[in-house]
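Asks: Predicted model follows, preceded by the sequence.
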2 protein chains.
Amino acid sequence: MPQRDEPVPIWDRPEPPDKPALTPLSRAKIVRTAIALADAEDLSAVSLRKVAAALDAGPMRLYGYLSTKEELFDLMLDAVYGEILAEAPPSGDWQAVLREWALRMRAAVLRHEWVVDLLGGRPQLGPNVLAHLESLLSAVDGSPGFGHIDDAMRALHAINSYVVGALRAEITNARAERRAGQDEQQWQNANAPYLMRMLKTGKFPTLGKVVADATHPGPSVRFSEGLGIVLAGIEAQLAEQT
Amino acid sequence: MPQRDEPVPIWDRPEPPDKPALTPLSRAKIVRTAIALADAEDLSAVSLRKVAAALDAGPMRLYGYLSTKEELFDLMLDAVYGEILAEAPPSGDWQAVLREWALRMRAAVLRHEWVVDLLGGRPQLGPNVLAHLESLLSAVDGSPGFGHIDDAMRALHAINSYVVGALRAEITNARAERRAGQDEQQWQNANAPYLMRMLKTGKFPTLGKVVADATHPGPSVRFSEGLGIVLAGIEAQLAEQT
DNA sequence: GTCTCTATCGATACACCGTATCAGGCGAGG
DNA sequence: CCTCGCCTGATACGGTGTATCGATAGAGAC
């Protein structure tokens, strides 16, 4: 603890508290604590200062292991892909493999909701992402109907886009409902009257029908249904081009 | 300009420079300047202080018109939906309407790239969003094959998820390429060697095939292809349930 | 017309962020 | 044993969103 002016003679000053042991760091450890913070609260709860504090270190210590906060996010996302890859590789025809992959992705996102804030937000080149992409590509490429590698790319682009968008919507919804659960009356008092007023204007007849008649399936059913639509679309496109 | 200690007698102090006229504000004006800032740079360039400064006001002045920064984002996104709604409503069968809607959405996102950072990020209940949703629902509901309102919901969920995910990926890509264009050599020197090394490990044979053989279509083609897949999937699901 | 009370507004202040800078401590080389 | 150089991490800076609360202007009563 150096100080510019030192009015107290050193004999009166206590020693610095025992040298904080200087716990050794590593990227793995940093990423683990960051993920723990994000799981417990939010992505916004992940600050370099908090991560460092959780590791008994000053903020700048982390810059030996990464050069930017965004790189920390990249590592976190890659670690989640690592979780998905750790499970046994799925088997079956390409539809089964793609479906299984999407479901595992969804499971991972439910474990780590903050992932949706990162998905598709930055170009991903981490080793686990590449391995994941490879396993998807190899499952699809060479299957009956997929002649050129472009066919595989088209299919993956479609299904990946769907998964990202659907998970984003689902988590957004879950967050909103959770907040609503906390202050139920606040949400009811604030948003419901507004929506009712809008509906009563008569300008949204079909929306009214939704509110009245729609059976709202659970999120996992909805996810699965959309997945079926995209898979069916891929198959239809394959059939048509022959 | 009140000051705690006032050493200079008031007679010596000049009047405040002419009263800054106190430009009248409005939500519309605030949202317009915020959008201008975001268009010019980033979402991160939109800070309450900068918006207020652009309007010759102090930061806290804005809190009379909104109570949180997130509400400003909500207004911005709703305004973009307003742009989409301003065009003449599309006509044709449900496929044509959904396709046209997706293309307009994409056009809007290309005009305002920051929209992808907001899409699906918060529950959207703005009037323009509701109107938009209504127009989509009414275009689909009642079309041949769509018996129950649930069918329309399924179709919209699928296509909306795809659009969100695909646009997110496209814009992310565009941003990366733009950065790469600025420091071409930096990107080449940093990422290309890493990728080459990864490919040369032989653990990613199919990825290698992509790099070697894939024809990389332009983003608009890719978007359109994926859109076709999802539309085909919706149709297939309709046919199957009869 | 004048005085008082009240409600609004916005300057100031606070806690926090990511990260540039650079003094200080520590290890290696002479 | 001394000196030099590197590396580390404390400090500092410029920014953020927003709570607080004194100043101010306007309305209402006498």
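Replies: That came through, no problem. Numbers count the residues shown, from 1 in each chain, chains lettered A, B, ... in the order given.
Asks: How many neighbouring residues does residue A:77 have?
Replies: Neighbours of residue A:77 under the rule other C-beta atoms under 10 Å in any protein chain shown: 24. Placement of C-beta: from N, CA and C, glycine included.
Asks: same question but for residue A:90, I mixed them up
Replies: Residues contacting residue A:90 under the criterion other C-beta under 10 Å number 15.
Asks: residues contacting it?
Replies: By C-beta atoms under 8 Å, 6 or more residues apart in numbering or on different chains, the contact set of residue A:90 is A:96, A:97, A:100, A:101, A:104, A:139.
Asks: ditto for residue A:26
Replies: Contact analysis of residue A:26 by C-beta under 8 Å, 6+ apart lists residue A:65.
Asks: Give me the phi and psi for it.
Replies: With angles defined as degrees, to the nearest 10, residue A:26 shows backbone torsions of phi -170, psi 160.
Asks: where does chain A dip in pLDDT?
Replies: For chain A, applying pLDDT under 70 flags the ranges A:1-23, A:181-189, A:242.
Asks: Tell me the one of the contacts of residue A:90 nearest DNA strand C?
Replies: Of all these, residue A:104 has the smallest distance to DNA strand C: 29.3 Å, by C-beta to the nearest atom of the strand.
Asks: Can you lay out the contacts of residue A:90 as a markdown table showing neighbour count, distance to DNA strand D and secondary structure?
Replies: Shown next, in a markdown table, are the contacts of residue A:90 (neighbours: other C-beta atoms under 10 Å in any protein chain shown; distance: C-beta to the nearest atom of the strand, whole Å; DSSP: H, G, I helix; E, B strand; the rest coil):
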| residue | neighbour count | distance to DNA strand D | secondary structure |
| --- | --- | --- | --- |
| A:96 | 13 | 46 | helix |
| A:97 | 19 | 43 | helix |
| A:100 | 16 | 41 | helix |
| A:101 | 21 | 37 | helix |
| A:104 | 16 | 36 | helix |
| A:139 | 23 | 43 | helix |
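Asks: quick one, domains of chain A?
Replies: Domain ranges of chain A: A:1-67, A:77-241, per automatic domain parsing.
Asks: Grab the longest helix from chain A for me.
Replies: Scanning chain A for the helix with the most residues, using DSSP state H, yields helix A:149-182.
Asks: burial measure for the residue of chain A found nearest chain B, as a count.
Replies: Proximity of chain A to chain B (C-beta to the nearest C-beta) peaks at residue A:233, 2.8 Å away. By other C-beta under 10 Å, 28 other residues sit near residue A:233.
Asks: That one against residue A:155, yeah?
Replies: No: counting by C-beta atoms under 8 Å, residue A:233 does not reach residue A:155; the two are 9.3 Å apart.
Asks: Could you pull out the residues contacting both of those two?
Replies: Common neighbours of residue A:233 and residue A:155 (criterion: C-beta under 8 Å, 6+ apart): residue B:229.
Asks: still on that earlier bit, put together a markdown table for the contacts of residue A:90, with distance to residue B:216 on each row.
Replies: Output for these, formatted as a markdown table (distance: C-beta to C-beta, whole Å):
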| residue | distance to residue B:216 |
| --- | --- |
| A:96 | 28 |
| A:97 | 24 |
| A:100 | 28 |
| A:101 | 23 |
| A:104 | 28 |
| A:139 | 21 |
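Asks: Tell me which residue lies nearest the centroid of chain A.
Replies: In chain A, the residue lying closest to the centroid (C-alpha atoms, centre = their mean) is residue A:115, at 1.3 Å.
Asks: I figured it hits residue A:121, correct?
Replies: No: assessed by C-beta under 8 Å, residue A:115 is found out of contact with residue A:121, at 10.2 Å.
Asks: Walking through chain A, point out its helices one by one.
Replies: Along chain A, the segments classed as helices by DSSP H run A:27-40, A:48-54, A:69-86, A:94-111, A:115-118, A:127-140, A:149-182, A:184-200, A:205-213, A:219-241.
Asks: still on that earlier bit, what's the nearest residue to the residue nearest to the centre of chain A if we skip its chain neighbours?
Replies: Spatial nearest neighbour of residue A:115, excluding adjacent residues (C-beta to C-beta, 6 or more residues apart in numbering or on different chains): residue A:109 at 4.9 Å.
Asks: For residue B:173, see how far away the one you found is.
Replies: For residue A:109, the distance to residue B:173 equals 22 Å [C-beta to C-beta, to the nearest Å].
Asks: do the same with residue A:214
Replies: Relative to residue B:173, residue A:214 is positioned 35 Å away (C-beta to C-beta).
Asks: now residue A:173
Replies: Taking C-beta to C-beta as the measure, residue A:173 falls 27 Å from residue B:173.
Asks: on that earlier part again, so for residue A:109 and residue B:173, which sits in the more crowded spot?
Replies: The residue with more neighbours, out of residue A:109 and residue B:173, is residue A:109; 21 against 14, by other C-beta under 10 Å.
Asks: tell me the contacts of the more buried one?
Replies: Contacts of residue A:109 by C-beta under 8 Å, 6+ apart are A:115, A:116, A:119, A:167, A:171.
Asks: From the residues you listed, pick the one nearest residue A:54.
Replies: Nearest to residue A:54 out of the contacts of residue A:109 is residue A:115 (C-beta to C-beta; 20.1 Å).
Asks: Contact partners for the closest one?
Replies: Residue A:115 neighbours (C-beta under 8 Å, 6+ apart): A:77, A:80, A:108, A:109.
Asks: From the structure, what's the count of residues near the third one?
Replies: What it means is residue A:108. Neighbour count of residue A:108, defined by other C-beta under 10 Å: 17.
Asks: How much space separates it from DNA strand C?
Replies: In this view, residue A:108 and DNA strand C are 23 Å apart by C-beta to the nearest atom of the strand, to the nearest Å.
Asks: Next, give phi and psi for the closest residue to DNA strand C within chain A.
Replies: Nearest residue of chain A to DNA strand C, counting by C-beta to the nearest atom of the strand: residue A:47, 3.3 Å away. Main-chain torsions, residue A:47, degrees, to the nearest 10: phi -120, psi 150.
Asks: How about the contacts made by the residue of chain A found nearest DNA strand D?
Replies: Residue of chain A nearest DNA strand D, by C-beta to the nearest atom of the strand: residue A:58 (2.2 Å). Counting by C-beta under 8 Å, 6+ apart, residue A:58 makes contact with residue A:52.
Asks: repeat for the one 3 residues further on
Replies: Taking C-beta under 8 Å, 6+ apart, we find residue A:61 in contact with A:25, A:52, A:55.
Asks: try residue A:143
Replies: By C-beta under 8 Å, 6+ apart, the residues touching residue A:143 are A:93, A:94.
Asks: Kindly provide the distance from it to residue A:101.
Replies: Look at residue A:143 and residue A:101: by C-beta to C-beta, they are 14 Å apart.
Asks: likewise residue A:238?
Replies: Taking C-beta to C-beta, one finds residue A:238 at 18 Å from residue A:101.
Asks: what does residue A:142 give?
Replies: Distance from residue A:142 to residue A:101, by C-beta to C-beta: 17 Å.
Asks: ok, now residue A:177?
Replies: With C-beta to C-beta as the criterion, residue A:177 and residue A:101 are 27 Å apart.
Asks: cool, and residue A:35?
Replies: From residue A:35 over to residue A:101 (counting by C-beta to C-beta), the distance is 21 Å.
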